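In: predicted coordinates and the sequence they were generated for:
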Amino acid sequence: MLVTQRHELLVRELESSGILRVTELAERLGVSRATIRRDLMDLETGGRVTRVRGGAVLAAQGAGAAPAGAPERAPGAVARAAGAASAQVLGLVVPSATYYYPRVVAGVQAVAAERGARVVIGLTDYAPRRDLEQLDELGASGVTGLLIASAGGHHPPSALLERLRGRGLPFVLLERQPESPFEPCEFVVSDHRQGAFAAVSHLVGLGHDRVGLFTNGSPTAPLVAEGHAAAVARLPLDPSGPVIDSGRPTLGSVAAADFYDRFLAECRASGTRAALVHSDHDAIELMRRMRTRGLRTPDDLALVAYDDEIAALGDVPLTAVAPPKHELGEQAARMLLDRLDAPVPDAVPVRQLVLQPRLIVRASCGARARA
């Protein structure tokens, strides 16, 4: 079951019963309680439910029906969203329907509903070849504009940008920007360098003189690494803190465990007692490996996670950098619709927007213990 399908099922359950209980839903749907809690967090962000202890109730402002712009994924690569007919149809390409991007999609949905537009969504599952395939399928479906988060790195490949220009449709990049700073291309991105720098600065403020970095080979990882390196150089910090990128092994695999163990061993050898970890999944797994070694968070190793998808659900709630995912989707959709709705497209100036992530302090960094 896709995330969007599960969200709609949860809302329908609320409409019929008035309240949802996390434990009962997890058993019925065959997913973890953490998954249900994350779903309810997403629905609360979208204003559809209000979380209560152990579950959720419908939000006060009748949240029963899905927004007019809400996308669904039907069998096949592309799905057309339900909703009233509209002159504007936004094609939305994202790499994932299960992590990070659901909140971006929710932001796009909110603005599409507000502006009377429809949304057509395509998923690439982080396969770069699927980017071009999705563009062709979306073009054939009759979209009037495109929102694109490409499957590869932070800088979209030139072939993708050429295909986008060749389509002749207005487009906005999501969490991606051209490698050339002189490219007249619209985009909305999170400043992941700034997010990483803020995380390291926070740990320095707690008294740490070394901060390690663990990343997982995602498109965001190089930017997080740049922010970490800038903090080490500018604050300044002892550069002996370990920096490891795991290259995205399968979560829970022996290969992944080996990377966590290697990172912990290098932290111990270098005297590093604080680390920034991308992503939440990796930070939670790292804590689990720490427990097998008799180590505790934050006493032996203070942690800050990056993404804030499930950071609050760790055994020790994780301090986390939270990119403004929902706001990013909203801003990108407004940017595209402003251009589509303008009498003359060139009447709207090219806009390039950078949003700063927030640092959410919880228990894993030791701030509360030191306060």
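Out: Cool, the structure landed.

In: what's the weakest-modelled helix or strand in this protein?
Out: strand 78-80 (a mean of 38; mean pLDDT, DSSP states H and E).

In: helix or strand right after that strand?
Out: strand 89-94 (DSSP states H and E).

In: and whatever helix or strand comes next after that following strand, which residues are buried?
Out: Next along the chain after strand 89-94, taking DSSP H and E as the criterion, comes helix 101-115. For helix 101-115, a neighbour-count test (16 or more other CB atoms under 10 Å) marks 101-113, 115 as buried. In this view, the C-beta of every residue, glycine as well, is placed from N, C-alpha and C.

In: pick the one among the residues you listed closest to residue 214.
Out: Closest approach to residue 214 among the buried residues of helix 101-115 (CB to CB): residue 101, at 22.1 Å.

In: tell me which element residue 119 is part of?
Out: For residue 119, the host element (DSSP H and E) is strand 118-123.

In: which helices and strands does that strand pack with?
Out: Packing contacts for strand 118-123, counted by 3 or more CB pairs under 8 Å, 6 or more residues apart in numbering; DSSP states H and E, involve strand 78-80, strand 89-94, helix 101-115, helix 129-141.

In: pairing partners for that strand, with directions?
Out: strand 78-80 (antiparallel), strand 89-94 (parallel) (DSSP bridges).

In: how far away is the nearest residue to residue 355 once chain neighbours are set aside from residue 314?
Out: Leaving out its chain neighbours, the residue that sits closest to residue 355 by CB to CB, 6 or more residues apart in numbering is residue 324, at 4.8 Å. Using CB to CB, to the nearest Å, residue 324 is found at 21 Å from residue 314.

In: just residue 119 next, same as before
Out: In this view, residue 119 and residue 314 are 33 Å apart by CB to CB.

In: same check on residue 231?
Out: 23 Å.

In: repeat that for residue 338.
Out: Noted for residue 338: a distance of 40 Å to residue 314, by CB to CB.

In: more neighbours: these two, which one.
Out: Higher neighbour count among residue 338 and residue 314: residue 314, with 22 against 15, using other CB atoms under 10 Å.

In: buried residues of the helix or strand where residue 37 lies, list them for me.
Out: Using DSSP H and E, residue 37 sits in helix 33-45. Neighbour-count burial for helix 33-45, with 16+ other CB under 10 Å as criterion, is recorded at 35-43, 45.

In: likewise for stretch 226-239?
Out: Neighbour counts over stretch 226-239 (16+ other CB under 10 Å) mark 227-229, 231-232, 237 as buried.

In: stretch 349-365 too?
Out: Here stretch 349-365 shows 352, 355, 357, 359-360, 362-365 as buried, counting by 16+ other CB under 10 Å.

In: what do you get for stretch 157-173?
Out: Within stretch 157-173, the residues scored as buried using 16+ other CB under 10 Å are 157, 160-161, 163-164, 167, 169-173.

In: want to throw the residues you listed into JSON lines with distance to residue 269 and secondary structure?
Out: Listed next are the buried residues of stretch 157-173 as JSON lines, based on distance: CB to CB, whole Å; DSSP: H, G, I helix; E, B strand; the rest coil:
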{"residue": "157", "distance to residue 269": "39", "secondary structure": "coil"}
{"residue": "160", "distance to residue 269": "42", "secondary structure": "helix"}
{"residue": "161", "distance to residue 269": "44", "secondary structure": "helix"}
{"residue": "163", "distance to residue 269": "48", "secondary structure": "helix"}
{"residue": "164", "distance to residue 269": "47", "secondary structure": "helix"}
{"residue": "167", "distance to residue 269": "53", "secondary structure": "helix"}
{"residue": "169", "distance to residue 269": "54", "secondary structure": "coil"}
{"residue": "170", "distance to residue 269": "53", "secondary structure": "coil"}
{"residue": "171", "distance to residue 269": "48", "secondary structure": "strand"}
{"residue": "172", "distance to residue 269": "46", "secondary structure": "strand"}
{"residue": "173", "distance to residue 269": "41", "secondary structure": "strand"}
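
In: and of the residues you listed, the nearest to residue 142?
Out: For the buried residues of stretch 157-173, the minimum distance to residue 142 (CB to CB) is 10.6 Å, reached by residue 169.

In: in the chain, which ranges drop under the pLDDT threshold?
Out: When residues are selected by pLDDT under 70, those of the chain lie in 1-2, 15-20, 51-55, 57-86, 368-371.

In: going along the chain, name the helices of it.
Out: 3-17, 22-29, 33-45, 101-115, 129-141, 158-167, 192-205, 221-234, 254-270, 280-292, 325-341, 367-370 (DSSP state H).
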